[in-house]
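Engineer: Prediction below, plus the sequence it came from.
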Amino acid sequence: MHRLFETTTLRRQIYLDGRWNFTLDPDDRGEEERWFEAFPTDADKQWVPSVWNTTPCYFNYEGPAWYHRAFQVNNCTALVINIGAAAHSAKVWLDGEILGEHFGGFLPFGFVVKRPTPGTHTLIVRVDNTLSNSTIPGPHLDWYRYGGLTRSVWAEELPGKACIRHFNLLPRLEDGRGV
């Protein structure tokens, strides 16, 4: 889970929580119509982090929905887009280019963008809360189908030439000592 305070002085963290442009896609036509390049102009607003089901008119909505947010990037070697969680599946685009996909509504995920240009960038996230036999929860469980960007979203400007996302330390015993 991401902390709600600055965790580094070496990387600029750009918090993207707040009001995002938001639109439902009940006919699932957004990708075909390339909303990741031209977001619908009649979009509503939705808070991030939150679930869209807390908005009365979206209370019972199940299906794809789209989020849009612009933000400023300084000169940096790489940019990491971090999403704390999206229920249940997500696709992410930056400036119309796909960064990747994620499945699983409760885990953080992110993408590294090499050599971003300084200036304004547009982040688009398609979230789908449709229940199926491959989702947790599934359609036959007593669980509400919440949808949305349910945890914080932030970007980090990386100043160096490398980025270590994860590492594991595996201890072993040698002569009765841990090494």
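Structural biologist: Great, that's in hand. Numbers count the residues shown, from 1 in each chain.

Engineer: Okay, strands next: where are they in the chain?
Structural biologist: 12-15, 18-24, 44-48, 64-73, 78-83, 86-87, 89-94, 97-103, 109-114, 119-128, 148-149, 153-158, 173-174, 177-178 (DSSP state E).

Engineer: Please work out the average pLDDT along stretch 31-39.
Structural biologist: The average of the pLDDT scores along stretch 31-39 is 97.

Engineer: cool, stretch 128-147 as well?
Structural biologist: Per-residue confidence for stretch 128-147 averages out to 76 on the pLDDT scale.

Engineer: now do the same end-to-end measure for that stretch.
Structural biologist: By CA to CA, to the nearest Å, the extent of stretch 128-147 from end to end equals 7 Å.

Engineer: okay, the strands of the chain in a markdown table with mean neighbour count and distance to Arg34 next?
Structural biologist: C-beta coordinates here come from the backbone N, C-alpha and C atoms, glycine included. Formatted as a markdown table, the entries for those read as follows, by neighbours: other CB atoms under 10 Å; distance: least, CB to CB, whole Å:
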| stretch | mean neighbour count | distance to Arg34 |
| --- | --- | --- |
| strand 12-15 | 16 | 26 |
| strand 18-24 | 18 | 14 |
| strand 44-48 | 17 | 20 |
| strand 64-73 | 19 | 11 |
| strand 78-83 | 21 | 20 |
| strand 86-87 | 26 | 20 |
| strand 89-94 | 21 | 10 |
| strand 97-103 | 14 | 11 |
| strand 109-114 | 15 | 19 |
| strand 119-128 | 19 | 10 |
| strand 148-149 | 28 | 21 |
| strand 153-158 | 21 | 22 |
| strand 173-174 | 8 | 56 |
| strand 177-178 | 8 | 54 |
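
Engineer: Nearest residue to the middle of this structure?
Structural biologist: When CA atoms, centre = their mean is applied to the chain, the residue found nearest the centroid is Ile83 (3.3 Å).

Engineer: Give me the local confidence score for it.
Structural biologist: Looking at Ile83, its pLDDT is 97.

Engineer: so it bridges to which residues?
Structural biologist: Partner residues in beta bridges with Ile83, using DSSP bridges, are Phe109, Val153.

Engineer: ok, it to Pro171 distance?
Structural biologist: 32 Å (CB to CB, to the nearest Å).

Engineer: what residues are up against the residue nearest to the centre of the chain?
Structural biologist: Contacts for Ile83 (CB atoms under 8 Å, 6 or more residues apart in numbering) come out as Ala90, Val92, His102, Pro108, Phe109, Gly110, Val125, Leu149, Arg151, Val153.

Engineer: And for Leu10?
Structural biologist: Pro159.

Engineer: Quick one, grab the pLDDT at the spatially closest residue to Gly178 that is not a sequence neighbour.
Structural biologist: Computed as CB to CB, 6 or more residues apart in numbering, the closest residue to Gly178 that is not its neighbour in sequence is Pro171, at 4.8 Å. At Pro171, the pLDDT value in this model is 87.
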